[in-house]
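# what follows is a predicted structure for the sequence shown.
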Amino acid sequence: MTERITIGLMSGTSLDGTDAVAMAFDGRVMRSLGHSSLAFPPNLRAALAALTLPGPDEIERMGEASVALARHYAEATGLLLARTGLSPADVAALGVHGQTIRHRPQKGFTLQLNHPALVAELTGIDVVADLRSRDVAAGGEGAPLVPAFHAECFTGDVPRVVLNIGGIANISVLPARSESPTILGGDTGPGNMLIDTWTQRITGALYDRDGRWAASGRVSTTLLDDLLSEPYFALPIPKSTGRELFSPAWLDARLCGHESLPPEDVARTLVELTARTITNTVARFAPDAAELYVCGGGVYNKTLMQAIASHFPGLTATTEALGVPPMEVEAAAFAWLAERFLASLPGNLPAVTRAAGPRILGALYPR
């Protein structure tokens, strides 16, 4: 088999921008060729954030945002091509996740805003898109999809957990190579989402750089108890969630009665909520895990990483220690899913998504 190159484009629930990763595949051997990031323009970020919740004139706004998003994806692709020296002709396909604006698997659908035909037109590269709906059609959650990639890349000699902290946090529970091949996974709850929401509201900054602001506050046990009372946290994995649940309105409802708390204490308590829901899920569903490796933007929040480590002494490193930089993992996963589609191989893990069985994920938009 000759080597095949695909590019993964991922814009997640943090709504900060798009990561692009070029991957080369030769059978089960894979290697990264390069990575680039492109921040969302403020107007596109605002439009996408507004579409995650019900509002007026949604169809018109969705159409306009999808065009702007496709142009953004094409720009991100161009930056990566320039950085790696690749040409469009070198790339077999783009795996374009799209921007999730509504995730309702319990109602039988998940919606990722995208305009893959326009991305193909602008880049001159085939596009594999709509990567979640086939799993949902088979009775699955459509999320998380990255555990299949985690299992391919990160399975080791001891049981380990791979934790992705984006807007939502999710885990992949990976047994040792010598053990049962069953992989577990699911969304633990909010990752950076509520932390960023509160930071933006109070300070005007897009995020709490290094977790410095939260570090100046203290955990409120009473507020934390109210936050942890959310029924979602008690559900078993596999499960998935998004902005539909952990919205600003959800946070406001739980802040009632805590108005006297200093805002930095609220920030620190939201950090603790993310850490506690992650480590509670690991303790419940991966009690034998000896290692925990972290990827996603949350790795740069030092206060959050310290909070996780305080509850999980086995925390050893980010995925950099396993050969994949933490900000490349999710985009690399969607490059891998594009490769799986081209090879007519399933991309989901039914034990993770609840789907009726393995399914080939995606739809092709030729250049």
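Received it, and whenever you're ready, just let me know what you need.

# determine the number of other residues adjacent to Arg201.
13 (other C-beta atoms under 10 Å). Yep, even glycine has a C-beta here, placed from its N, CA and C like the rest.

# give the contact list for it.
Pro248 (C-beta atoms under 8 Å, 6 or more residues apart in numbering).

# could you list the domains of this structure?
Split into domains by the TED database, the chain comes to 2-141+347-363, 145-320.

# Arg340 is nearest to which of those domains?
The closest approach between Arg340 and any of these, judged by C-beta to C-beta, belongs to domain 2-141+347-363 at 4.3 Å.

# redo the domains of the chain as JSON lines? Include distance to Glu339 and mean pLDDT.
Below are those laid out as JSON lines (distance: least, C-beta to C-beta, whole Å; pLDDT from 0 to 100):
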{"stretch": "domain 2-141+347-363", "distance to Glu339": "5", "mean pLDDT": "95"}
{"stretch": "domain 145-320", "distance to Glu339": "10", "mean pLDDT": "94"}
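
# for the stretch 51-200 of the chain, which segments count as helices?
58-84, 116-123, 133-137, 146-154, 193-203 (DSSP state H, counting those that start in this stretch).

# looking at those, which is buried most?
Mean neighbours per residue, mean count of other C-beta atoms under 10 Å, is largest over these for helix 146-154, with a mean of 23.

# which residues sit against it?
Here helix 146-154 makes contact (C-beta under 8 Å, 6+ apart) with 28, 30, 160, 162, 164, 170, 172, 174, 183-185, 293, 319, 322-324, 329-330, 332-333, 336-337, 347-349, 352.

# these in strands, which ones?
Within those, residues falling in strands by DSSP state E are Met30, Arg160, Val162, Asn164, Asn170, Ser172, Leu174, Leu184, Gly185, Tyr293.

# picking that back up, out of the domains of the chain, which is closest to Phe341?
For the domains of the chain, the distance to Phe341 is smallest for domain 2-141+347-363, at 4.3 Å, taking C-beta to C-beta.

# endpoints of the closest one, how far apart?
23 Å (C-alpha to C-alpha, to the nearest Å).

# again, but for stretch 150-165
One end of stretch 150-165 to the other measures 14 Å (C-alpha to C-alpha).

# which residues sit in contact with Ala289?
By C-beta under 8 Å, 6+ apart, the contact list for Ala289 reads Pro159, Arg160, Val161, Val173, Val282, Gly314.

# give the buried subset of those residues as a ChimeraX selection command.
Buried members of the contacts of Ala289 can be picked out in ChimeraX with the line below, counting by 16 or more other C-beta atoms under 10 Å:
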select :159,160,161,173,282
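
# could you identify the most distant pair in the contacts of Ala289?
Farthest pair in the contacts of Ala289, by C-beta to C-beta: Val173 and Gly314, 13.2 Å.

# kindly reformat the ones in strands among the contacts of helix 146-154 as JSON lines containing distance to Leu255.
Putting the ones in strands among the contacts of helix 146-154 into JSON lines (distance: C-beta to C-beta, whole Å) gives the following:
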{"residue": "Met30", "distance to Leu255": "45"}
{"residue": "Arg160", "distance to Leu255": "36"}
{"residue": "Val162", "distance to Leu255": "32"}
{"residue": "Asn164", "distance to Leu255": "27"}
{"residue": "Asn170", "distance to Leu255": "25"}
{"residue": "Ser172", "distance to Leu255": "32"}
{"residue": "Leu174", "distance to Leu255": "37"}
{"residue": "Leu184", "distance to Leu255": "33"}
{"residue": "Gly185", "distance to Leu255": "31"}
{"residue": "Tyr293", "distance to Leu255": "33"}
